[in-house]
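Chemist: sharing a sequence plus its predicted fold:
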Amino acid sequence: MAEQRVGLIGRGVALVAGATALAAGGVAVGLELERRLVAKGRKRIASAEPFFSLRSSGPKVVTPDGVELHVEVDEPAAEVPDNLTIVFVHGYALSLDCWHFQRKYFRDTARVVLYDLRSHGRSSRSAPELCRVPQLARDLAQVLDEVVGDGPVVLIGHSLGAMTIMQLAQQRPDWFGTRVVGVGLCSTSTGDLAEHSIVKAIPGRAFARIAPPLLATLNRIPQLVEGSRRAGTDLGWVVTKQMAFGRDDVPGPYVDFMAEMLGQVPLTVIADYYPAIGEMDERASLAVLSRVETAVIGGRSDVITPVEHTEKIIELLPGADALILDRCGHMGIIEHHEAFNAVLDQMISRARRHLSS
C-alpha cells in the first residue's frame, strides 16, 4: 500500500514538474511518456563532454532583499580590444550550467559572466512573491552594475532568461543602444503562455486550473515528494528526453545532463515561480530591442514555447539574425548548440563592428 502511494505521488510529481517547470522554460518531468521505453530501460552512456565541470570564481551579488546571487566570471586568455562582456541568463528550473556549450565557445573571445537566478543553482532562496520576471530584471540590472561595469555588453537569454532581458528593456530602455549593444533570445516568448498546455490531452485552460492546486498539495508532503522524484529517475529521463529535445537520436548524455540539472531544483521553487508565467507580457520590449543587434532562435518541436512564439518575435524584430530549426526542442542550446552558437556569434560580430566604427 505504501509503495502504491509513493507510485501515485511520483506520477503526480511527474505531471506537476513537467507541467509547470517546462511551461516556464525549464526541463522537468511530465506526461507524454512512452511506457515501452521505460520498460526497456535506458542505457547510460559515458559522456566525453565534461558537463558541470566549467567553473570560475565571481563576486558576491547580494540583492536588497538579501538573496545572494551566485556569479561566475570567465576572463579571456588574451586582452579583448573592445572590452566586450557577454552575459548569459538561464531559464526556469535550470542553472548557469545549461550554457555549457556556449560558455566553451565564447569564453576566450570576450569576458563571460554567468549567474544563477534567485532560488536556482547555487543562489540562495527568495521569498515566493519575488519570484517574478520584474524582480529577475532588477537582479540582472544589479549584476550589470556590480559585475559588468560600464563597458559594452551583449545579453543572451534562454526562455525565462530571455523574458528577463525583455523586461529589463522595459525597465531600463536607456541602456539599449548605449550600454547594451546586442541581445540573443533563445527558445522564448513575449507572453500569452498562461493557458498554454504542454500536455496534448489537457486543454490549456484546464491545465492552468489543475497545476496550482496540485502543486500546493504536493508541497505539503515535501519529503515524500522529493523521494518519489529520486525514485522515478528512469521515468524522468524518458520524459525529459521527449519534452526537452526534438530529435529521437539526441545523445543520451545530453538527457542525463538535463535530468540531473532539473533534479537539483526543489519542487517548492517550481511552485514559487509558476504564477510568473501567466503575468508575463513583454511585447512592449521589442521596440526597445530593435535599437540593438539581435538574434532570435527557436525550434519547430518546442512544446514549451511553441514555434509560433518565436515566429512572432522574428516578425516584430525584422532586423534580427533569425533561425528556426527542424527537429529542435526547447533545449536547442544543447541539442543543436553548433547552430545556436553560429547565429549568436554572427549577432555578436555585428555588434562588435559597430563598436569599432
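Modeler: Cool, got the structure.

Chemist: in this structure, which residue is most central in space?
Modeler: Nearest to the mean C-alpha position of the chain, by CA atoms, centre = their mean, lies Gly91 at 1.9 Å.

Chemist: Ala48: neighbour count?
Modeler: 6 (other CB atoms under 10 Å). Every residue, glycine included, has its C-beta placed from N, CA and C.

Chemist: one step back: Cys98 is in contact with the residue nearest to the centre of the chain, correct?
Modeler: Yes. Gly91 is in contact with Cys98 according to CB atoms under 8 Å; the separation is 7.1 Å.

Chemist: where does the residue nearest to the centre of the chain sit: helix, strand or coil?
Modeler: The assignment at Gly91 comes out as coil when based on DSSP: H, G, I helix; E, B strand; the rest coil.

Chemist: backbone phi and psi for it, please?
Modeler: Gly91 adopts backbone torsions of phi -100, psi -180, taken as degrees, to the nearest 10.

Chemist: need the residues touching each of Gly91 and Cys98.
Modeler: Residues within reach of Gly91 and of Cys98 at once, by CB atoms under 8 Å, 6 or more residues apart in numbering, are His158.

Chemist: next one: the helix or strand that contains Leu344 to chain centre, how far?
Modeler: In this assignment (DSSP states H and E), Leu344 forms part of helix 337-356. On the basis of CA atoms, centre = their mean, to the nearest Å, helix 337-356 sits 20 Å off its chain's mean C-alpha point.

Chemist: what helices and strands are in contact with it?
Modeler: Helix 337-356 sits against helix 100-106, strand 153-158, strand 180-186, strand 293-299, strand 321-325, helix 332-335, with contacts defined as 3 or more CB pairs under 8 Å, 6 or more residues apart in numbering; DSSP states H and E.

Chemist: would you turn the ones you listed into a markdown table with mean pLDDT and mean neighbour count?
Modeler: Formatted as a markdown table, the helices and strands packed on helix 337-356 follow (pLDDT from 0 to 100; neighbours: other CB atoms under 10 Å):
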| stretch | mean pLDDT | mean neighbour count |
| --- | --- | --- |
| helix 100-106 | 98 | 20 |
| strand 153-158 | 98 | 27 |
| strand 180-186 | 98 | 28 |
| strand 293-299 | 98 | 27 |
| strand 321-325 | 98 | 20 |
| helix 332-335 | 98 | 26 |
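
Chemist: kindly reformat these as CSV containing distance to Leu54.
Modeler: Output for the helices and strands packed on helix 337-356, formatted as CSV (distance: least, CB to CB, whole Å):
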stretch, distance to Leu54
helix 100-106, 5
strand 153-158, 16
strand 180-186, 18
strand 293-299, 21
strand 321-325, 24
helix 332-335, 14
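
Chemist: for Ala77, which of the ones you listed is the nearest?
Modeler: The closest of the helices and strands packed on helix 337-356 to Ala77 is helix 100-106. By CB to CB, the value is 12.4 Å.

Chemist: may I have that closest one as CSV, with CA atoms only?
Modeler: The C-alpha trace of helix 100-106 is given here as CSV (Å, rounded to 0.1, in the frame of the first residue of the first chain):
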residue,chain,number,x,y,z
HIS,A,100,27.9,24.6,-21.1
PHE,A,101,28.4,24.7,-24.9
GLN,A,102,28.0,28.4,-25.3
ARG,A,103,30.5,29.0,-22.4
LYS,A,104,33.1,26.8,-24.1
TYR,A,105,32.6,28.6,-27.4
PHE,A,106,32.7,32.2,-26.3
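
Chemist: list the contacts of it.
Modeler: Taking CB under 8 Å, 6+ apart as the rule, helix 100-106 contacts 49, 51-52, 54, 74, 86, 88, 112, 114, 156, 257, 333-334, 337, 340-341, 344-345, 348.

Chemist: same question for stretch 71-86.
Modeler: Contacts for stretch 71-86 (CB under 8 Å, 6+ apart): 55-61, 96, 103, 106-115, 143, 147-149, 151-154, 156, 181, 348, 351-352, 355-356.

Chemist: could you say which helix or strand holds Ile304?
Modeler: Using DSSP H and E, no helix or strand contains Ile304.

Chemist: near it, how many other residues are there?
Modeler: 30.

Chemist: that one against Ser159, yeah?
Modeler: Yes. The pair Ile304 / Ser159 is scored as a contact, 7.1 Å apart, by CB under 8 Å.

Chemist: what ranges does the stretch 101-250 of the chain have for its helices?
Modeler: Secondary structure of the stretch 101-250 of the chain, counting by DSSP state H, counting those that start in this stretch: helices at 133-143, 160-171, 204-218, 222-231, 233-244.

Chemist: list the contacts of Leu185.
Modeler: Leu185 touches Gly157, Ala162, Ile165, Met166, Thr294, Ala295, Val296, Ile297, Ile313, counting by CB under 8 Å, 6+ apart.

Chemist: tell me the two of the residues you listed that are most distant?
Modeler: Longest span within those, CB to CB: Met166 and Ile297, 14.8 Å.

Chemist: nearest residue to Asp150 other than its sequence neighbours?
Modeler: Arg179 (7.2 Å; CB to CB, 6 or more residues apart in numbering).

Chemist: thought that neighbour was touching Leu144?
Modeler: Yes. Between Arg179 and Leu144 there is a contact under CB under 8 Å: 7.5 Å.

Chemist: what kind of secondary structure is Tyr254 in?
Modeler: helix.

Chemist: so who does the nearest residue to it once chain neighbours are set aside touch?
Modeler: Distances taken as CB to CB, 6+ apart place Ile334 nearest to Tyr254, at 5.4 Å, with adjacent residues excluded. Contacts for Ile334 (CB under 8 Å, 6+ apart) come out as Cys98, His100, Phe101, Tyr254, Phe257, Met258.
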